[in-house]
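J.: any chance you could fold what I've pasted below:
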Amino acid sequence: MPDQIRLLAVQETPIDITAVYSAVGDPAVGGVVLFVGTVRDHDGGQDVASLDYSAHPRVEATLREVVSDVIERYEVTTLAAVHRVGRLEIGDVAVVTAVGCAHRGQAFDACRALIDELKQRLPIWKHQLFADGGEEWVGTP
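T.: I've put the predicted structure just below:
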């Protein structure tokens, strides 16, 4: 695992945003960008009541691949990424990414690439439960 990776996890417990931020601290870092994704109360014009995230058994290996790819493409000094699985309610933190770089522009670019790649490549599927009793799977193969 590259030295830049300070924290990676897929977990059922709430994410400690401060721990993710602290993980990327380093004397060589001049800028940290932190992204926090939360469960919103709507999607596609429907009211969301809650959701469940499910993950493939290879999710952590894929997470390592994604962050390694981001590190190869950007000048990343430190990096952390944590994603929740299980039942989440409106307002719960679903994912946190943090990137530390020498300069702020590098950190913004790398953090955006990281969250975009995670959303695209991680084998995590969202089962949305709507307020009207309906449901929908998102991101399934």
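J.: three-state assignment of Val33?
T.: strand (DSSP: H, G, I helix; E, B strand; the rest coil).
J.: surely it is in contact with Gln106?
T.: No. Here Val33 lies out of contact with Gln106, judged by C-beta atoms under 8 Å, at a distance of 9.2 Å. Backbone N, C-alpha and C define where each C-beta goes, glycine included.
J.: can you pull out the helices in the protein?
T.: Residue ranges of the helices in the chain, as given by DSSP state H, are 17-23, 59-73, 104-121.
J.: among the ones you listed, which is nearest Gly45?
T.: helix 104-121 (20.6 Å; C-beta to C-beta).
J.: between helix 59-73 and that closest one, find me the angle.
T.: Calculated by axes from the mean of the first three to the mean of the last three C-alpha atoms, to 10 degrees, helix 104-121 forms an angle of 150 degrees with helix 59-73.
J.: for helix 104-121, give the mean pLDDT please.
T.: Averaging pLDDT along helix 104-121 gives 98.
J.: only alpha carbons, please: show it as CSV.
T.: Extracted in CSV, the C-alpha atoms of helix 104-121 (Å, rounded to 0.1, in the frame of the first residue of the first chain):
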residue,chain,number,x,y,z
ARG,A,104,-4.7,23.7,-2.4
GLY,A,105,-5.3,23.4,-6.1
GLN,A,106,-3.7,19.9,-6.2
ALA,A,107,-5.8,18.9,-3.2
PHE,A,108,-9.1,20.1,-4.8
ASP,A,109,-8.3,18.3,-8.0
ALA,A,110,-7.3,15.0,-6.3
CYS,A,111,-10.2,15.0,-3.9
ARG,A,112,-12.7,15.5,-6.6
ALA,A,113,-11.2,12.7,-8.7
LEU,A,114,-11.2,10.5,-5.6
ILE,A,115,-14.9,10.9,-4.8
ASP,A,116,-15.9,10.7,-8.5
GLU,A,117,-13.9,7.4,-8.9
LEU,A,118,-15.3,6.0,-5.7
LYS,A,119,-18.9,6.6,-6.9
GLN,A,120,-18.1,5.1,-10.3
ARG,A,121,-16.0,2.1,-9.4
